[in-house]
Every structure is written in structure tokens, then in C-alpha cells.
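# sharing a model prediction with you, sequence too.
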Amino acid sequence: MLSRETEARLLGYLAEDAGEGDITSEITPQAECLAQIAANEACILAGIEEGSFLLRNSGLSAKALKADGQAARKGEKVLEIRGSSR
């Protein structure tokens, strides 16, 4: 579980990086989408909890398929994201 301090820092980084929005979202059709993140190579995972927090904070659903510290094989799905295309 992330501390409040870590959550605040992450939200600060996101706000700093967000800019004025993405104009391509204005022309993207509204649809419910599913995205999956997979490991590019065999690895030990880190940042799953932080990434999931930021995705949920952005109105998306994030389901961790693996946890920080776990091993992932090349091509193995580690995170599933659902939500609006906009």
C-alpha cells in the first residue's frame, strides 16, 4: 500500500507532466477499451503499485496480474487496464 506522501508525490509528477491535455482525444471515438501491459523481457517487476494508482486516479480500472518483486517472463501480461478511450 502506498503512503499518502508517495501518492501526493505521484499526483504531483502527473500534474507537472500533463500539460494542457491531448487534442487527439477530441477526435477519438468514445469506446470502452482494454489494454494489457506485458514484460518485454524476463525481469523482476517494480512500479506496478504506483502505475496502478496513477491509472485509477485517472478514472481507469487497473488490475495487477503480478506484484512488485515478482518475476515475469518475456511476453507475460503484468497489468490489465480498462476504461474509456477518452
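Structure received.

# ramachandran coordinates for the most far-flung residue of the chain relative to its centre?
Distance from the C-alpha centroid of the chain peaks at I27, with 22.6 Å (C-alpha atoms, centre = their mean). With angles defined as degrees, to the nearest 10, I27 sits at phi -110, psi 0.

# for it, give me its contacts.
Counting by C-beta atoms under 8 Å, 6 or more residues apart in numbering, I27 touches no other residue. Every residue, glycine included, has its C-beta placed from N, CA and C.

# and the helix or strand bottoming out on mean pLDDT in the chain, how far from the chain's centre?
Scoring the helices and strands of the chain by mean pLDDT, DSSP states H and E places helix 4-18 at the bottom, with a mean of 90. Distance, stretch centre to chain centre, for helix 4-18: 14 Å (C-alpha atoms, centre = their mean, to the nearest Å).

# ok, back up a step: quick one, grab the pLDDT at the residue farthest from the centre of the chain.
On pLDDT, I27 comes in at 81.

# for L65, see how far away it is.
32 Å (C-beta to C-beta, to the nearest Å).

# can you give me the helices in the protein?
Under the criterion DSSP state H, the chain carries helices at the ranges 4-18, 48-57.

# and those helices, which is most packed in?
Scoring these by mean neighbour count under mean count of other C-beta atoms under 10 Å gives helix 48-57 as the most buried, with a mean of 17.

# ok so, going back, and the angle from the least confident helix or strand of the chain to helix 48-57?
Put simply, helix 4-18 runs at 60 degrees to helix 48-57, going by axes from the mean of the first three to the mean of the last three C-alpha atoms, to 10 degrees.

# where does the protein have low pLDDT?
The model of the chain has pLDDT under 70 over residues 19-22.

# try it again with 80
Along the chain, segments meeting pLDDT under 80 span 17-26, 86.
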